[in-house]
Structure formats: C-alpha cells, structure tokens
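**Q** No sequence on hand, only this structure:
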C-alpha cells in the first residue's frame, strides 16, 4: 500500500516517529532505531520516544497539512471546545482561525486533510500508535522496575487520554452506550494491519477505564513527576477524575480528585489584582507555578509563533487583536465585585480576556497549562454534590473560593440543573458549575462539560455574541443534548484505507440529526 507520508520528528527531548498511510490514519511504523535496542532496550532510553509524543502535543505542522495556525495540539483542541460552547466568545472572525469551530462549520469538510476532523483523528491516533509500541516493549525493557513502571505507565495514560478525547469528539455522550464510537487498537500497527470497525461507546470506555487503571497501578510505583509535561501518577489521577465525571461514577470521580490533590503536592494559586500586570503568577502561562499539575514547558526555540495559544488569546497579539476573546457578560456578572478573578477580563473592552498572556511576547514564549489543581477541587466538589453530600461539596468549593473572594459564602444545596446552561435552579451543583465556568474559562473544553451534563445552550447577542455566531440554523440542536451538533465527522482518509469502515454506514451525521 502506498504511504502518504512518513517523517522523523525531532523534539526537545528526542524522537517520535510520526507517520501515516492510506490504509489507516493511525498506522505508525517504527524506524529500526525505535523498534530495536537503541530506544527500547531500557527504560531510560525509552523516555526518548515517550518525550517525543509529549513534544508533539504542543507542536503545529505535523497533524494536518493545512490550517496549522489553529492546529497546535492539546491547547488548540481545548480552545476548539471552548469556542463551541456558551461562555467563550470570539468578538470577530479575524483571520478565521477557530471561527469555523465556533460557527459549527467544519463537519462538512471531512474530505479535506486541512480541517478539524483530520487534525484531531490524526493526532490522537498517532499518540495511540506510538504508545502501543512502548507498551509492547514492556516485557523486554531493561532498567529498574521503577523506571520501567514510569515509562509504561505513562504510555497507558496517553492511550487512555487519547481514546477518551476521541470518544468525546466523534460520538455522542457516554449514556448513548450502544452508539458507534471509534476503532480500538491496543497492539502495534503496521501498513499490513487490517483496520478495525467502530467499537461502541461502551466498549471504548471499557478500554479507557482499563488503560487509566493500569496506568495508575504502574505509576504508583514511581509517582514523582520528572518533567511537567509527563503524565505522572497525580496527572493520571486527574485524568481518571475527568473520565469518571463523564461516566457519572461519582464515587470514583471524588476519590480520584482527592488523591490527585494529595499526590500532586500542588496548592491553589492566589490572584492579586492590585499587582496584576507585573505579577506573572496571575496569568495562566507557566508550568512552574505551584498550582500546575501538567503542561508543556516551551522555550523560545520551540515557540509556535503564530501557531500558538497566546497568539490567539492575547489582546496585543496579531490574531488576538483581530478576533478578540471575551467572556460572556452573563457569566462575568456571576462574580461579586470582591472576586479577584474579575481581573482576568476587562468589561471596558467588551470583557476582553487578560487571563492568558505571553510570558515574553518578544520571543513568543508562554507555557501551555493542561491541568491545574484548582480543577481537582472543582471535580471533587461536583462529584460530592452529585452524590448528595453537600457538606463535602462545600468543603472543596470553599477551599477554592477562599483564594478567590474573601467575602464569598453560599447556603445553596441540592443538585438540580436546568436543561439550558443559563437558566438557573439555585442549586449548589449549579453554583459549583458556575464557579467552574469562571475558574476554568479558556481551559476546560467547555462543550465537553455541557455534553456530559446533558444540557443545551443559547447565544443571545445581549451576552456579547456577534451576529455570525448566533447559530440561528442550529437553534433546535443547541438546546438538544441528544443531537449530533457537536459530534465531529470522521475524516475521509480513514474510510479510504480501512476495509472495515464504510462511508455510507459509518460516517457521523454531517447535519445536526441523521437524515
């Protein structure tokens, strides 16, 4: 079978083989050096291809052949999911980056290798394929038991995370257990490997659970994080808490979040609005801060320049100026005047964001933060509230809010939610979720939270939404959590090469509902 492309990617830490062929987009063959003794003979050397995977998680230009300025790994995919929701507003189209995601105008472009379907599918399956090679080497890998556990545990965590994100992107939510999801591969794949059919949502989540639990078992033997980009024991616990929230396994979500807080050794970061501009601790741009559990440390020679998060976010950067990123005025109004987070947005500039800025704009430098300990407090609070344990929920909520608003109190109780995110019941769960929306604005992948809570959303112009993003033709699907509005189409390249994938039967609806 003719290969479309295959190249060697040299990152800060080492090598990752990134390749594809026209039989399946995930087929990744190792070079002789990767599959032989050079890299897989012992755990220390196996960190080289492992670190290559992490390097690709924040690098543009390899996962798609076009639109690379909006395709720079995890942070780009989080931003995509933010603009698809209800709280994160693009004030104008600008150069067009992320606008088509926000306008729900990408699903029909699945035949192209330059758009979101191909980009996401290629990225996650490449990480899976490379993780599979590392996992397969476990039995022959030398080195200390602790080092082997650290390497193999991360490979399982990467695979769990990748399937988790694929499932949330290319299928409806967890409750549609019989729906088709994505193909599963747990062995190294070659050009001769037969493509797998779509597995059900239930089967994919069974694989996700198996992988994250195996990752935790191994990483518990070597829990210390050796680099901020690594999926350590604490990070794997954080990922498990995210998974459990989607699965509505509240005990597991609470337990994992609590353990993640303890294992991370991280603490909630204070915000000082009186010294906001010079105090970089107030910005979300450094993995060196004491609240950051996981992220990409980016030095000047690895900065993505125009293909980077801060170029899109910062109001002083080219793309940020042309397409300003703003918070919904409705959500901003939920903060009291004493809430320090108000400094993250400027109401005098249409609620322009100030939360994400370069650490050095001259060199395009800024780290990418993928998990903060504050999220774990919110996960714990939400899970406890779903369980009916208001006392524990308030314990974790108040621990966060003590660092945000000295005057904050709440007497709310219960876990009732409205079907629309901006309609209110006055419950404690709703309050926790509002604080989540404020705290994790720009980071959480908002559409995924809306989906897992079975809610819909609206975009009134009165909240700050421009006319081009009001979505009048999608008004029914926006408030219907069972719709396919936010389920991406599978790229044509997968159907072209996978004998067990039929475009006429296996493609997701291009519209909001099946025809």
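**A** Looks like it arrived, so ask away. Because the structure is a prediction, the values reported are computed rather than measured. Numbers count the residues shown, from 1 in each chain.

**Q** Which residues are in contact with the residue nearest the centre of the chain?
**A** The geometric centre of the chain, computed from its C-alpha atoms, lies nearest to residue 78 (Cα atoms, centre = their mean), at 4.6 Å. Residue 78 sits next to 370, 442, 443, 444, 445 when contact means Cβ atoms under 8 Å, 6 or more residues apart in numbering. (Each C-beta comes from the backbone N, C-alpha and C, glycine too.)

**Q** Got the phi and psi for it?
**A** Here is the backbone geometry of residue 78 (degrees, to the nearest 10): phi -60, psi -40.

**Q** From residue 462, how far off is it?
**A** Using Cβ to Cβ, to the nearest Å, residue 78 is found at 27 Å from residue 462.

**Q** likewise residue 473?
**A** Distance, residue 473 to residue 462, using Cβ to Cβ: 20 Å.

**Q** now residue 65
**A** From residue 65 across to residue 462, the span is 40 Å (Cβ to Cβ).

**Q** Which one's more surrounded, the two?
**A** residue 65 (16 against 9; other Cβ atoms under 10 Å).

**Q** For the stretch 301-450 of the chain, which segments count as helices?
**A** Assigned by DSSP state H, counting those that start in this stretch, the helices in the stretch 301-450 of the chain fall at 309-313, 318-322, 329-332, 373-386, 390-401, 428-439, 446-452.

**Q** what's the angle from the fourth one to helix 428-439?
**A** Spelled out, it's helix 373-386. If you take axes from the mean of the first three to the mean of the last three Cα atoms, to 10 degrees, helix 373-386 sits at 170 degrees to helix 428-439.

**Q** got a list of what the residue lying closest to residue 386 once chain neighbours are set aside touches?
**A** Computed as Cβ to Cβ, 6 or more residues apart in numbering, the closest residue to residue 386 that is not its neighbour in sequence is residue 250, at 4.5 Å. Residue 250 sits next to 244, 383, 384, 386, 387 when contact means Cβ under 8 Å, 6+ apart.

**Q** Closest to residue 177 out of the residues you listed?
**A** Nearest to residue 177 among the contacts of residue 250: residue 244, at 15.8 Å, using Cβ to Cβ.

**Q** got the angle for whichever strand or helix holds that closest one vs helix 373-386?
**A** When elements are assigned from DSSP states H and E, residue 244 belongs to helix 233-247. Using the same axes, to 10 degrees, the direction of helix 233-247 lies 40 degrees away from that of helix 373-386.

**Q** Any buried residues in the helix or strand just after helix 233-247, and which?
**A** Of the helices and strands lying after helix 233-247 in sequence (DSSP H and E), the nearest is helix 250-264. Within helix 250-264, the residues that count as buried by 16 or more other Cβ atoms under 10 Å are 250, 252-261, 263-264.

**Q** Neighbouring strands - and their directions - for whichever helix or strand comes after helix 250-264?
**A** The helix or strand immediately downstream of helix 250-264 is strand 292-296, counting by DSSP H and E. Sheet pairing of strand 292-296 (DSSP bridges) gives strand 368-372 (antiparallel).

**Q** what sits up against the partner strand?
**A** Counting by Cβ under 8 Å, 6+ apart, 58, 73-75, 78, 235, 238, 266, 269, 284-287, 291-296, 298, 309, 440, 443 sit against strand 368-372.

**Q** Report the separation between residue 135 and residue 73.
**A** Distance, residue 135 to residue 73, using Cβ to Cβ: 21 Å.

**Q** now residue 235
**A** Relative to residue 73, residue 235 is positioned 16 Å away (Cβ to Cβ).

**Q** was I right about residue 400 contacting residue 267?
**A** No. Between residue 400 and residue 267 there is no contact under Cβ atoms under 8 Å: 11.0 Å.

**Q** Looking at these two now, which is surrounded by more residues?
**A** Between residue 400 and residue 267, counted using other Cβ under 10 Å, the more crowded position is residue 400 (23 against 14).

**Q** quick one, what contacts the more buried one?
**A** 268, 374, 377, 378, 381, 435, 439.

**Q** Touching, the fifth one and residue 390? I think so.
**A** No. Checked against Cβ under 8 Å, the pair residue 381 and residue 390 is beyond contact range at 10.0 Å.

**Q** what about those two, which has more around it?
**A** residue 381 (31 against 19).

**Q** Quick check: chain neighbours aside, which residue is closest to that one?
**A** Using Cβ to Cβ, 6+ apart, the nearest residue to residue 381 is residue 396, at 3.9 Å.

**Q** again with residue 247
**A** residue 174 is the one closest to residue 247 (Cβ to Cβ, 6+ apart), at 5.5 Å.

**Q** The one you found looks like it's in a strand, true?
**A** No. Residue 174: not assigned to a strand; according to DSSP: H, G, I helix; E, B strand; the rest coil it is coil.

**Q** per-residue confidence for it?
**A** Predicted confidence (pLDDT) for residue 174: 97.

**Q** So what does it have for phi and psi?
**A** The phi/psi pair for residue 174 (degrees, to the nearest 10) is phi -60, psi -30.

**Q** same deal with residue 111?
**A** According to degrees, to the nearest 10, residue 111 has phi -80, psi -10.

**Q** now residue 61
**A** Residue torsions, per degrees, to the nearest 10, at residue 61 are phi 100, psi 0.

**Q** I figured it hits residue 308, correct?
**A** No. Applying Cβ under 8 Å, one finds residue 61 not in contact with residue 308, separated by 11.7 Å.

**Q** Give me the more crowded residue out of those two.
**A** Neighbours per residue (other Cβ under 10 Å) separate residue 61 from residue 308, with residue 308 holding more: 26 against 13.

**Q** does the more buried one really touch residue 363, like I thought?
**A** No. Residue 308 lies out of contact with residue 363 (Cβ under 8 Å); the separation is 11.3 Å.

**Q** what's the neighbour count on the closest residue to residue 121 other than its chain neighbours?
**A** Nearest non-adjacent residue to residue 121, counting by Cβ to Cβ, 6+ apart: residue 491, 5.1 Å away. With neighbours defined by other Cβ under 10 Å, the count for residue 491 comes to 25.

**Q** For residue 491, give its distance to residue 188.
**A** Noted for residue 491: a distance of 22 Å to residue 188, by Cβ to Cβ.

**Q** before we move on, what about residue 52?
**A** In this view, residue 52 and residue 188 are 16 Å apart by Cβ to Cβ.

**Q** cool, residue 312 as well?
**A** Taken as Cβ to Cβ, the span from residue 312 to residue 188 is 36 Å.

**Q** These two: who's more crowded?
**A** A side-by-side neighbour count of residue 312 and residue 188, using other Cβ under 10 Å, places residue 312 first with 28 against 20.

**Q** Quick check, pLDDT for that one.
**A** What the model reports for residue 312 is a pLDDT of 96.
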